[in-house]
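Q: Could you look at this predicted model? Sequence included:
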Amino acid sequence: MTILSLISSEGPYGVENLLVTLNRSLSRLGCSCILGVFDDSRFPHKGIAESAEREGLTVTRIPCNGRLDLGAIKEIRRLITLYQVDVLHPHGYKADIYAYLANWPHRVPLVSTVHNWPSRLLAMRFYATLDRLVLSRFDQVAVVSDVVADVLRRWGLTTDKLRTINNAVDIKRYRSASPTLPKDLIESYHPIVGFVGRLVPAKGGETLLRAAREVLTLWPRAGFVFIGDGPSREAWETSARILGISERVRFLGSRTDMPGLYASLDMVVLPSQVESMPMCVLEAMAAGRPIIATPVGAVPRLITSGETGLLVPVGDVNALTNAISRLAANPEYARTLGAQAFERVSRQFSADAMAQQYLELYKQVLAPAEIRTDRLVTN
């Protein structure tokens, strides 16, 4: 079975790691996997293509500039023919739209994975409307949480077209990593509090920075590391300066050494306003890091407060301050939370289990196509 996955180079944090993990696991199950990455000069981020190539996966870059690039559509059609693709599997609204256009008239089954709901920005609502129309014509749509499934049902997608498949993580890759933060930073920051994700308002970075100011009055050697990039970076850097904590806050941008970065952190904080099933929480759990997060989206499925991490109310600076201070003051308790988080992610969110569910979904969408082919041959 040959699978062509499509993803935009400017996709959200975590999806690239998930795709690499999925393709690698599917390959072990006997699938031939090709990863098509839209190469847009306006968004020069190359992380996903480079990560996949380092893992020895087959990667093809699809030149795509502008809102509708006919050349990209032709290139996807060429790839479908060249690799004799059995299933076309886009991730994200841009990939969904291009996959549908390239596959018209319908030639191979279409499966999409929806990782999150669209932004509230007007332009994103426009793309969401297009995506809704396109997804209604897909054979199956996988979602990473029941929360996302509920959104899609409100969009009009039928329950029989939706399949919830949890995100997963390569446990060994994170569990065995060594710290990669610079030695001087590790020695000068204690504890090291990490934020991992796209730097956008909904991730709660401003709340974390306000909490950081309070934490530093109690733990002046503490340090806060923001890993990732996004449109809020400049605003959050400005906030750190205004709050007078910029010397204890580092913005590292996008990185490719995530296992080593998690290994460098004493705790991971995700104070999001909205989420689906955040990959950074799964990654932190696989790394055995204690996590502080908000009870949004599927996060409560991952974190039981007091057992596999700590949950705090959205936007509550005092609660976040107290949670960080609690872990800083009780390193043994923090290690216990991290160990129990690792046990949960190992049992319930392994990469092999996720790949097996996708393989079953591919077989499901291929069965009607095979029936149609048999009938054509018979007739």
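A: Looks like it came in fine.
Q: When you work out contacts or count neighbours from here on, use the C-alpha atoms and nothing else.
A: OK.
Q: Now do the strands in the stretch 151-300 of the chain.
A: 162-164, 192-196, 223-227, 249-253, 267-270, 291-293 (DSSP state E, counting those that start in this stretch).
Q: now those strands in a markdown table, with distance to residue 35 and mean pLDDT?
A: As requested, those are exported to a markdown table (distance: least, CA to CA, whole Å; pLDDT from 0 to 100):
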| stretch | distance to residue 35 | mean pLDDT |
| --- | --- | --- |
| strand 162-164 | 22 | 93 |
| strand 192-196 | 24 | 97 |
| strand 223-227 | 25 | 97 |
| strand 249-253 | 24 | 96 |
| strand 267-270 | 29 | 98 |
| strand 291-293 | 32 | 98 |
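Q: of all the ones you listed, which lies closest to residue 280?
A: strand 192-196 (6.2 Å; CA to CA).
Q: so what does the closest one touch, helix or strand wise?
A: Secondary structure elements in contact with strand 192-196, counted by 3 or more CA pairs under 8 Å, 6 or more residues apart in numbering; DSSP states H and E, are strand 223-227, strand 267-270.
Q: Could you export the strands of the stretch 151-300 of the chain to JSON lines, including columns for distance to residue 36 and mean neighbour count?
A: Putting these into JSON lines (distance: least, CA to CA, whole Å; neighbours: other CA atoms under 10 Å) gives the following:
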{"stretch": "strand 162-164", "distance to residue 36": "23", "mean neighbour count": "19"}
{"stretch": "strand 192-196", "distance to residue 36": "25", "mean neighbour count": "24"}
{"stretch": "strand 223-227", "distance to residue 36": "26", "mean neighbour count": "23"}
{"stretch": "strand 249-253", "distance to residue 36": "24", "mean neighbour count": "16"}
{"stretch": "strand 267-270", "distance to residue 36": "30", "mean neighbour count": "25"}
{"stretch": "strand 291-293", "distance to residue 36": "33", "mean neighbour count": "26"}
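Q: Just to check, residue 21 is in contact with residue 169?
A: Yes. Counting by CA atoms under 8 Å, residue 169 is a contact partner of residue 21 at 6.9 Å.
Q: just to revisit the earlier point, out of the helices and strands packed on strand 192-196, the one nearest residue 164 is which?
A: It is, among the helices and strands packed on strand 192-196 and with distance given as CA to CA, strand 267-270, at 23.2 Å.
Q: just how off-centre is that closest one within its chain?
A: The chain centroid and the centroid of strand 267-270 are separated by 16 Å, computed with CA atoms, centre = their mean, to the nearest Å.
Q: Which residue ranges of the stretch 101-250 of the chain form helices?
A: 122-135, 146-155, 171-175, 183-188, 205-218, 233-242 (DSSP state H, counting those that start in this stretch).
Q: Repeat that for the stretch 251-379 of the chain.
A: Using DSSP H, counting those that start in this stretch, helices in the stretch 251-379 of the chain cover 258-264, 279-286, 299-302, 317-329, 331-348, 351-378.
Q: residue contacts, residue 290?
A: 266, 267, 268, 284, 308, 309, 334, 335, 337, 338, 341 (CA atoms under 8 Å, 6 or more residues apart in numbering).
Q: Tell me how many other residues surround the closest residue to the fifth one other than its chain neighbours.
A: In other words, residue 308. Nearest residue to residue 308 in three dimensions, chain neighbours excluded: residue 341, at 4.4 Å (CA to CA, 6 or more residues apart in numbering). Neighbour count for residue 341, taken as other CA atoms under 10 Å: 27.
Q: contacting residues for residue 341?
A: Per CA under 8 Å, 6+ apart, neighbours of residue 341: 285, 286, 288, 289, 290, 303, 307, 308, 309.
Q: Same question for residue 291.
A: Taking CA under 8 Å, 6+ apart, one finds 267, 268, 269, 270, 281, 284, 285, 308, 309, 310, 337, 338 in contact with residue 291.
Q: nearest spatial neighbour of the fifth one, skipping sequence neighbours?
A: Put plainly, it is residue 281. Closest to residue 281 by CA to CA, 6+ apart is residue 291, at 7.3 Å.
Q: Please name the bridge partners of that neighbour.
A: For residue 291, the beta-bridge partners are residue 268 (DSSP bridges).
Q: picking up where we left off before, got any residues that touch both of residue 21 and residue 169?
A: residue 351.
Q: With neighbour numbers in mind, choose between these two.
A: Counted by other CA under 10 Å, residue 21 and residue 169 do not tie: residue 169 has more neighbours, with 27 against 21.
Q: The more buried one reaches residue 349, doesn't it?
A: Yes. Using CA under 8 Å, residue 169 makes contact with residue 349 at a distance of 6.7 Å.
Q: pLDDT weak spots in the protein?
A: Regions of the chain meeting the criterion pLDDT under 70 cover residues 9-14, 41-47, 117-127, 369-379.
Q: Mind splitting it into its structural domains?
A: Per automatic domain parsing, the domain ranges recorded for the chain read 2-168+350-378, 172-348.
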